[in-house]
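Trainee: requesting a structural model of the entry that follows:
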Amino acid sequence: MCGRYSASKDPATLAAEFDAVDATDEADTRPDYNVAPTREKITVVERHPRDEEGTPDPDTTVRSLRVMRWGLVPFWAKDKSVGAKMINARSESVGSKPAFKSSLAKRRCLVPADGWYEWRRDGKVKQPFFMTPADGSSIAMAGLWSTWKDKEADAEADPLVSYTILTTDAIGQLTEIHERMPLLLPRESWAAWLNPDLEDVSELLTPTPELVAALELRPVSDAVNSVRNNGPELMARHEPAPSLDEPALFDPASGQ
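Mentor: Here you go, the predicted structure:
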């Protein structure tokens, strides 16, 4: 299973767009036009702030940008390598999967992106496309996050914070590209999705037709097939069909 998306906006721009404070600290937040699994990228979370003793304030929440590792590692995992297999979670079954059930109820996030890449099969040829809002705004992919502590590491070492992206059946024009798509959340759903006190978000697990209709499905160069390539030219329109095979983003065969 493989995944690619583009995340080129700086923290200040995303903080304004998502009405959040920048808590990325000194993390690497340089533009990444070919985001691949296990990389650390910006997400949006909303939590109750804690005092010096670690007690949360139940009357206040703060929405912030946080850097996490793509590929969710459950707290009970023996090794962080399991995260490479958990970059996606199926919205249809996420509430019943041990790896994701707790995060769905208590630890949800948004994953900002310029858009995502997908490969359309035409015989033996796979043509890459870039799905992006026509108005240049960011998409907000529904995500879940978790923390994991290496039992072999120093007791003072920071835990690994990781995330996964929810997927759903493709709708509208996206069915022409692939049968699956990331779950995109409209702005009016952000507050509910991020609400740390709301455990039942089942009503938000279905795709929004208006968001899909507003996307541009742009054919791009097969240069995106290689994670070594990383520049804004990957998002540029490129008509010729590629000849290289590339695993699909949000692969339904993963069972997630």
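
Trainee: off-centre distance for stretch 203-221?
Mentor: Centre-to-centre, stretch 203-221 and its host chain are 14 Å apart (Cα atoms, centre = their mean, to the nearest Å).

Trainee: I'd like the mean pLDDT over it, please.
Mentor: For stretch 203-221, the mean pLDDT works out to 96.

Trainee: endpoints of that stretch, how far apart?
Mentor: In stretch 203-221, first residue to last residue: 37 Å (Cα to Cα, to the nearest Å).

Trainee: what ranges do the strands span in the stretch 101-250 of the chain?
Mentor: 108-113, 115-122, 125-133, 139-148, 160-169, 180-182, 215-219 (DSSP state E, counting those that start in this stretch).

Trainee: dump these to CSV, plus distance to Pro232 and mean neighbour count.
Mentor: In this view, the C-beta of every residue, glycine as well, is placed from N, C-alpha and C. As requested, the strands of the stretch 101-250 of the chain are exported to CSV (distance: least, Cβ to Cβ, whole Å; neighbours: other Cβ atoms under 10 Å):
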stretch, distance to Pro232, mean neighbour count
strand 108-113, 14, 26
strand 115-122, 12, 20
strand 125-133, 11, 21
strand 139-148, 17, 23
strand 160-169, 22, 24
strand 180-182, 21, 24
strand 215-219, 13, 17
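
Trainee: for Glu188, find the nearest of these.
Mentor: Proximity to Glu188, assessed across these by Cβ to Cβ, is greatest for strand 139-148 (11.1 Å).

Trainee: how about that closest one as PDB, C-alpha atoms only?
Mentor: Extracted C-alpha coordinates of strand 139-148, given in PDB (Å, rounded to 0.1, in the frame of the first residue of the first chain):
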ATOM      1  CA  ILE A 139      -8.400  20.300   1.800                       C
ATOM      2  CA  ALA A 140      -9.000  19.000   5.400                       C
ATOM      3  CA  MET A 141      -8.600  15.200   5.400                       C
ATOM      4  CA  ALA A 142     -10.200  13.500   8.500                       C
ATOM      5  CA  GLY A 143      -7.500  11.900  10.600                       C
ATOM      6  CA  LEU A 144      -7.000  10.000  13.900                       C
ATOM      7  CA  TRP A 145      -3.900  10.200  16.100                       C
ATOM      8  CA  SER A 146      -2.300   8.300  18.900                       C
ATOM      9  CA  THR A 147       0.800   8.300  21.100                       C
ATOM     10  CA  TRP A 148       3.200   5.500  21.600                       C
END
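
Trainee: ok so, going back, tell me which of the strands of the stretch 101-250 of the chain sits nearest to Asp197.
Mentor: strand 108-113 (11.5 Å).

Trainee: which helices and strands does the closest one pack with?
Mentor: strand 5-7, strand 40-47, strand 139-148, strand 160-169, helix 187-194 (3 or more Cβ pairs under 8 Å, 6 or more residues apart in numbering; DSSP states H and E).

Trainee: so the fourth one versus strand 115-122, what angle?
Mentor: Compare the direction of strand 160-169 with that of strand 115-122 by axes from the mean of the first three to the mean of the last three Cα atoms, to 10 degrees and you get 50 degrees.
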